[in-house]
Each structure stands twice: as structure tokens, then as C-alpha cells.
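*Asks:* kindly generate the corresponding structure for this input.
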Amino acid sequence: MELETTLAQIGNRKQKDTGAISFPVTFSTAFLHPALGESTGFDYIRTKNPTRTVLEEAIAEIEGGDRGFAMSSGMAAIHVIMGLFKPGDHIIASLDLYGGTYRLFEQVWKDYGLTFSYVNLREASDLQEAITDQTAAVFIETPTNPMMITADIAGLSQIAKEHGLLTIVDNTFLSPYYQKPLLLGADISFHSATKYLGGHNDVLAGLIVTKGQELSDRLYFLQNSIGAVLGPMDSWLLIRGMKTLALRMERHTDNARQITSFLKEHPLVNDVLYAGQGGMISFRVQDPGLVPGLLRNLKVISFAESLGGVESLLTYPAVQTHADIPKEVREAVGVCDRLLRFSVGIEHAADLIADLQQALHAAEIEWRQGEGV
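*Replies:* Predicted coordinates for the structure are as follows:
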């Protein structure tokens, strides 16, 4: 079955009693035991919930994995994954890493005895050189946030397997519509499902998919033990959002390609970073003095911190998503005070380009007046 069909059919034919096309939300926290030692398969909401189960089965099928896990946020998903490791373990992570992930690694998990190295994983040889006797996993963002650097998942996974390491991939930016890490050799794929999978800026969620029975069992134990699971209403919202993922990703990509072409020709823009698929673009303006005016004068695009929704959002990583990364570290990987991250929505591309055009024009006037030019 093609992916578009699988997505549209999530939950359909799952409710046998009523035949509901849209799988219902089950709010119950407890479930009746038929008799001592017997179970319907559902006992307590943290352990298992019917609505969440439909979602978890769907993401596992879509990603080509063995088991899916729905968590209360993307960061909760990473936190659960990190529970696989023990004090002394070393994790090799992408050099250009989302600020929230960096914060979790450096300010939380380091205190529990894990160590981290940040490596440009564009080249397989760089991974090879970073591996030590303590290395337990490779943690890959591709494309990276916000520098849009892509990695060879298959090549990196092969090296990891040769050394007995787990390969973990943050698949948030491209989604399973464009990229399926588990089919390329990764062991774990995860998402901030708040973003493209949810798609409407209205649900906070994280999803994990695993390959292999033993790893799946370990993740299930951690999910149930830690308990940061996704509630039934949010699970339903995520199911609803995922049904239109294919349609939305096509529009995000079409719009992003047009906007990339516009930005590359604009005299106030120095660099445009785009992976060629999906709706995420990063770009640098000529001078940091242009940033306040640009953000203030937007009329269609919103100055906001998330991504992946139907509405276009512009983010300033230096003071938002990457503010917790030390300035010298942030700037070393390219997240400077001229960089903006654009989550391109599904509005008409002409309206988005016109909004950028007028906002850049207004910003230039304000900047030049302020500079006395």
C-alpha cells in the first residue's frame, strides 16, 4: 500500500464494534479486568491506551519499524531514548544540534554520567575518528537545525553497526514522507511530532520508532516506567494531522523551492540554506541590524518559535531555539546573529514572497536610517 493511502486510512476499520471511520478518543484511565488474572489488553492509561495504540501502530508502519511509542513531547522522546544508556557511555551527536537537545545533553544527562562529542557527520570519516571504546551511539539530525546539513544515514549506520553502536536519527524536519531512517539502517527514528506530523500548531507530541524486538522491549519498559506518554486527546489530534501529511509536505516543498529562489536573488540576503525537500529554509541577512525590522514588519508570516505547521513561521535562532547554547559554540557552527530560520507553510507562495519582499524593504529603510546611511 502506498504511503498516501496508509496515512489517510489511519484508524479506519480499527473500531470493530461501531465501524467508526475516525477512531474515537478513549479518555478512561482505568480498564475493567474480566476476572482475576485476565485482561482486555488494556489495564492502565500510562501503560496502554486504545487511541494511543492506533497512533503508535501507525507510525511504526509508516517508518518501517517494529514498534512505535507516543510521548508527551519531542524532548520527552529524547529523554526516554537516553534512558537506554548507562554512566560512562559516550554519544556522538551532530555538530549543529537543536538547542533544546544540546541543553538536555549538556545540562541534564552529563550529570548522570553520559559524555557527548559534537561532530560534523557530513563525512563518514569524521564519525570513524570520533569513536572511542566508550562510544555507545550515534545521534544524528538530518537535516540539522538550523544549518540544514544533511547526513548519509546509510553510511553512518553501517559504520555504527561495525562498532556495535546504536544509530538514532531525529527525523523531524523531513518526516517519513521524505526520509525513513530505519530502512536506511538506523535503529531508532524519532520526531518532534508537534511539527510536521501534527502539522497544525495545535498539539505537543513526540514519536519514537524502533527496529528489533530487544530494543523495542527496552524502549517500552522505559516509556511505561518514565510515564511521559501522550494523552488520548493529543493522540487523536496527531492521528488527524498525520492523515494529510503527504498533501502538506508536497505544498511545503513547492513553496520552499520558490521562496529559496527569491531569497537567493535578494540583495539583502547573503546565504540561503535548503536541503531540497521539505519546508525548512535558513538564511542570513546582510547585517544583524536588519533583523528587528524584518520581524516587526511581517504581515502574513508570523515571528514565532515552532515549525512544521500550515502557517508560515520565522524564527531567530540566536535568541530563541539556540539561546541556551554558549555564544562561542553557537557561532562556531554557523548560528550567528544574522541567521533566520523559516518554516514555510502552505499559504500561496506569491503571498509569502510578497510579505518577505515588503518586510525586507521596510527593514532596510529602518536600518539605513538608524545607521545614518
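*Asks:* where's R122, which helix or strand?
*Replies:* Assigned by DSSP states H and E, R122 belongs to neither a helix nor a strand.
*Asks:* which parts of the stretch 1-150 of the chain are helices?
*Replies:* 3-8, 50-63, 74-82, 99-107, 124-130 (DSSP state H, counting those that start in this stretch).
*Asks:* please save the CA atoms from the helix or strand of the chain with the lowest mean pLDDT in CSV.
*Replies:* When the helices and strands of the chain are scored by mean pLDDT, DSSP states H and E, helix 327-332 comes last with a mean of 87. C-alpha atoms of helix 327-332 as CSV (Å, rounded to 0.1, in the frame of the first residue of the first chain):
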residue,chain,number,x,y,z
LYS,A,327,27.6,32.0,22.0
GLU,A,328,31.0,30.8,21.0
VAL,A,329,29.7,27.3,20.4
ARG,A,330,26.7,28.5,18.5
GLU,A,331,28.6,30.9,16.3
ALA,A,332,31.3,28.2,15.6
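*Asks:* for L222, which of the helices of the stretch 1-150 of the chain is the nearest?
*Replies:* helix 74-82 (5.0 Å; Cβ to Cβ). Where C-beta positions appear, they are placed from N, C-alpha and C, glycine not excepted.
*Asks:* and the helices of the stretch 1-150 of the chain, which one is worst for confidence?
*Replies:* Here the helices of the stretch 1-150 of the chain differ in mean pLDDT, and the lowest is helix 124-130 at a mean of 90.
*Asks:* and it, what does it pack against?
*Replies:* The contact analysis (3 or more Cβ pairs under 8 Å, 6 or more residues apart in numbering; DSSP states H and E) places helix 124-130 against strand 115-119, helix 153-162.
*Asks:* possible to save these as CSV with mean pLDDT and mean neighbour count?
*Replies:* Output for those, formatted as CSV (pLDDT from 0 to 100; neighbours: other Cβ atoms under 10 Å):
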stretch, mean pLDDT, mean neighbour count
strand 115-119, 97, 17
helix 153-162, 97, 18
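*Asks:* reformat those as a markdown table; add distance to Q134.
*Replies:* Putting these into a markdown table (distance: least, Cβ to Cβ, whole Å) gives the following:
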| stretch | distance to Q134 |
| --- | --- |
| strand 115-119 | 7 |
| helix 153-162 | 14 |
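*Asks:* ok, which of those comes nearest F85?
*Replies:* That would be strand 115-119 among these, by Cβ to Cβ, at 10.1 Å.
*Asks:* contacts for the closest one next, please.
*Replies:* 88-95, 97, 105-106, 109-110, 126-127, 130, 134 (Cβ atoms under 8 Å, 6 or more residues apart in numbering).
*Asks:* repeat that for stretch 163-170.
*Replies:* 81, 84, 98, 101, 131, 135-142, 153, 156-157, 160-161, 181, 185-192, 215.
*Asks:* residues near G164, how many?
*Replies:* Using other Cβ atoms under 10 Å as the criterion, G164 is surrounded by 8 other residues.
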